[in-house]
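>>> with the sequence up front, the predicted model follows.
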Amino acid sequence: MSLSPEECTRIITMVQEGRSQRSTTGTVGVSLSTVQRVIQRFQKTGMNIGRPGNGRPRCTTVREDRFIVSNMLKIDILDAVQVRNSLQEVHHNNVSSDTILRRLREADIKRYRPANGPKLLREHRVARLRFAREHIRWTDEDWSRVIFSDESRFCLFTNDGRRRVYRRPAPLLRVSDDSSYYRQACFEEKVPFGGGSIMVWAGISAESRAELVVIENGSLTAPRYVEEILNEHVGPFLVNMVAHSIFMQDNARPHSAHLVNAYIQDVDITRMEWPARSPDLNPIEHLWDEIGRCVKQRSPAAAILRELRNALVEEWSNIDQNRIRKVNSMAHRLNEVIRAITSSWRKYNVLKCQKSFLFAD
């Protein structure tokens with residue numbers, strides 16, 4: 001344990017005043033061996049601090065430490081090698097990747113799984129920002145006129161990485177417990193292609209929902225989308241909605257085909273222009289996740305596709321409409337889009353100016 005010179009002086013003074021070393025430990029809050037080392041060093045050298053060590057000197061300065069931390073937090077760098085290369089390029093200091101990791105640990109920066117989402121190009125970000133600014137002043141009454149629709153695929157056997165098992169840590173396993181690492185309760189089996197899957201379509205609004213449609217006998221094409229979805233479900237759903245209802249669909253290929261556009265124009269369906277690669281703006285995505293959890297928690301679990309189909313239909317009908325109304329938080333989603341995009345562009349412009357200043361002749 002490393003003590004400051006003031007603490008060492010306090011220990012030496014207390015012992016010289018006649019107190020025992022054991023009673024000194026309770027007052028100072030250190031171990032008996034630490035007190036003994038301080039007294040022995042004082043008796044041999046007459047000093048209350050240790051001799052200067054001969055260890056390896058620190059290879060980075062305080063400024064370089066700040067550079068390492070700021071690069072990892074503010075720039076799109078995902079590993080220590082890139083930070084090391086950036087440090088060598090700017091400060092001309094060639095250190096190892098282990099040094100970079102140590103500096104990050106000292107700053108309490110740890111490694112986590114990155115958040116994931118669709119790849120967004122500049123045109124996608126511009127479209128998302130334009131959509132958010134155009135609809136940011138919409139009220140709850142305005143959004144209640146929108147029908148949000150989407151398709152989702154559910155596999156018979158899924159491995160979402162959320163399951164956890166309980167066992168001893170690997171270094172603490174006894175010889176008789178070596179098999180517990182691979183025993184059945186601690187092992188999750190994988191089935192190729194999820195054992196089969198089912199695609200479904202649904203639509204929701206603040207006050208009602210459409211029937212869950214199971215898409216069977218092949219994939220969803222533009223003609224099937226017109227006949228089985230738009231004609232049979234979206235049309236009747238819009239009739240029962242309030243006046244001036246708006247239909248929302250994403251930019252999947254079956255949705256953007258000429259056949260679909262012609263049908264929507266012929267039947268006079270008002271369609272919302274939706275920005276590409278924006279599933280996070282669709283509140284129905286939260287319901288897909290909730291249905292998947294409910295189906296997985298059913299007992300007994302679905303063993304064949306017919307049972308999975310029946311479970312999906314049943315869980316969809318069991319969702320409370322208040323739950324659907326709760327996830328329909330479009331104002332919050334649009335505010336987050338504006339905040340995220342504007343802040344990222346602001347940081348990019350600042351970093352661009354900094355780099356041009358550093359490498360200017």
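Cool, got the structure.

>>> for the rest of this, base every contact and every neighbour count on C-alpha atoms.
OK.

>>> can you read off the pLDDT for residue 155?
On the pLDDT scale, residue 155 is placed at 91.

>>> repeat that for residue 269.
Confidence at residue 269, expressed as pLDDT, is 92.

>>> quick check: domain ranges of this protein?
5-45, 62-106, 125-334 (automatic domain parsing).

>>> for the most centrally placed residue in the chain, what are its contacts?
By CA atoms, centre = their mean, the chain has its centre lying nearest to residue 115, at 3.2 Å. Neighbour list for residue 115: empty [criterion: CA atoms under 8 Å, 6 or more residues apart in numbering].

>>> show me where the stretch 201-350 of the chain has its strands.
Assigned by DSSP state E, counting those that start in this stretch, the strands in the stretch 201-350 of the chain fall at 213-215, 246-248.

>>> now render those as TSV, adding distance to residue 72.
Formatted as TSV, these follow (distance: least, CA to CA, whole Å):
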stretch	distance to residue 72
strand 213-215	45
strand 246-248	39
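
>>> which one of those is the most hemmed in?
Most buried of the strands of the stretch 201-350 of the chain, by mean neighbour count (mean count of other CA atoms under 10 Å): strand 246-248, with a mean of 20.

>>> where does pLDDT dip in the stretch 1-150 of the chain?
Residues of the stretch 1-150 of the chain that meet the criterion pLDDT under 70 lie in 1-2, 50-55, 75-78.

>>> now the domains of the chain in a markdown table, with distance to residue 119?
As requested, the domains of the chain are exported to a markdown table (distance: least, CA to CA, whole Å):
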| stretch | distance to residue 119 |
| --- | --- |
| domain 5-45 | 55 |
| domain 62-106 | 14 |
| domain 125-334 | 8 |
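
>>> re the thing from before, need the strands of the stretch 201-350 of the chain in JSON lines (columns: distance to residue 68 and mean pLDDT).
Converted to JSON lines, the strands of the stretch 201-350 of the chain look like this (distance: least, CA to CA, whole Å; pLDDT from 0 to 100):
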{"stretch": "strand 213-215", "distance to residue 68": "51", "mean pLDDT": "94"}
{"stretch": "strand 246-248", "distance to residue 68": "45", "mean pLDDT": "94"}
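
>>> residues in contact with the strand or helix carrying residue 152?
Taking DSSP states H and E as the criterion, residue 152 maps to strand 146-155. With CA under 8 Å, 6+ apart as the test, strand 146-155 has contacts from 193-205, 245-250, 282-285, 288, 292.

>>> now swap in stretch 18-25 and tell me
Stretch 18-25 is contacted from outside by 11, 14-15, 31-32, 35-36, using CA under 8 Å, 6+ apart.

>>> relative to residue 231, how far out is the nearest residue to residue 273 once chain neighbours are set aside?
What sits nearest to residue 273 in space, not counting adjacent residues and going by CA to CA, 6 or more residues apart in numbering, is residue 248, at 7.6 Å. The gap separating residue 248 from residue 231 is 15 Å, by CA to CA, to the nearest Å.

>>> what backbone torsions are found at residue 158?
Backbone torsions for residue 158, taken as degrees, to the nearest 10, come to phi -120, psi 150.

>>> quick check: closest non-adjacent residue to it.
residue 194 (5.9 Å).

>>> what's the burial count for that neighbour?
13 (other CA atoms under 10 Å).

>>> any idea how far it lies from residue 114?
Taking CA to CA as the measure, residue 194 falls 24 Å from residue 114.

>>> same check, this time on residue 223
Relative to residue 114, and taking CA to CA, residue 223 is found at 39 Å.

>>> and if you look at residue 332?
Using CA to CA, residue 332 is found at 23 Å from residue 114.

>>> which one's more surrounded, those two?
residue 332 (11 against 7).

>>> quick one: the residue nearest to residue 158 from residue 303, how far?
Note on residue 194: its distance to residue 303, by CA to CA, is 12 Å.

>>> tell me, what's touching those two both at once?
Jointly contacting residue 194 and residue 303 under the rule CA under 8 Å, 6+ apart are residue 156.

>>> in stretch 40-59, what's buried?
Within stretch 40-59, the residues that qualify as buried are 42, 48-49, counting by 16 or more other CA atoms under 10 Å.

>>> between those residues, which is nearest residue 344?
Distance to residue 344 across the buried residues of stretch 40-59 (CA to CA) is lowest for residue 49, with 49.8 Å.

>>> please, which helix or strand holds that closest one?
Using DSSP H and E, residue 49 is not contained in any helix or strand.

>>> separation between the nearest residue to it once chain neighbours are set aside and residue 48?
Closest residue to residue 49 apart from its sequence neighbours, by CA to CA, 6+ apart: residue 5 at 5.8 Å. Distance of residue 5 to residue 48, given as CA to CA: 6 Å.

>>> same question, residue 27
When residue 27 is compared with residue 48 (using CA to CA), they lie 18 Å apart.

>>> which ones are touching the residue nearest to residue 287 when sequence neighbours are not counted?
Nearest in space to residue 287, with sequence neighbours left out and distances taken as CA to CA, 6+ apart, is residue 324 at 7.6 Å. Residue 324 is in contact with 204-206, 287, counting by CA under 8 Å, 6+ apart.
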